[in-house]
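Novice: model this:
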Amino acid sequence: MNTVTEMELEPRIARADREDGDPSGDPRPIGEIANDIWRKAETLIRQEMKLGITDAQERLDVMRGEVEERVEQLKLEVGAKCAGGAVLFVGVQAVVAALILGLSNLVEPWIAASIIGALFVVGGVLLLGRRAAALRPVKPRELLPTRALKSTKKDIQSIEEAIK
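Specialist: Next comes the predicted model:
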């Protein structure tokens, strides 16, 4: 028949408190534990920084590809618009001349030319203003390393929970 000693019946934590005063069961000194925590936190921070840099680099690569694609589209669009603009310019000059000649029957020729010129200037400004508003600039928020931020938030939550 086995006999159980009083020591075996006593809870482990109570024995640890009595034996070395450390209820965690870790025999290392507090300074060594703190250094270990510091090294692990430093490693974690370095890994998070690497993840952030990698995430930012991937986002930049994606954006670079998008920008290159947009540049190619703009080249084609500019070429087509230049050719169309040259033909249109000649046609508009003929129409403007006809308008000035027609209006000069009612008012002095210089007043007719000024009125028609002002109308075309206003139309051109409106067209240029619309096209400039259509170009979308890159937003700084698109460059944020979102994966690294999420991972860092999770790490902070884990550390906060471990401290509690």
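
Novice: Give the rounded mean pLDDT of stretch 129-148.
Specialist: For stretch 129-148, mean pLDDT is 72.

Novice: okay, how far is it across that stretch, tip to tip?
Specialist: Distance across stretch 129-148, first residue to last, is 39 Å (C-alpha to C-alpha, to the nearest Å).

Novice: Which elements pack onto whichever strand or helix holds E58?
Specialist: Applying DSSP states H and E as the criterion places E58 in helix 30-103. Counting contacts by 3 or more C-beta pairs under 8 Å, 6 or more residues apart in numbering; DSSP states H and E, helix 30-103 is packed against helix 109-134, helix 146-163. Quick note: C-beta positions are derived from backbone N, CA and C, even for glycine.

Novice: and L149, how many neighbours does it have?
Specialist: 14 (other C-beta atoms under 10 Å).

Novice: For it, give its distance to P140.
Specialist: 14 Å (C-beta to C-beta, to the nearest Å).

Novice: that older thread, mind checking which of the helices and strands packed on helix 30-103 is nearest A56?
Specialist: Taking C-beta to C-beta, helix 146-163 is the member of the helices and strands packed on helix 30-103 nearest to A56, at 7.9 Å.

Novice: What are the buried residues along the closest one?
Specialist: By 16 or more other C-beta atoms under 10 Å, the buried positions in helix 146-163 come out as A148, S151, T152.
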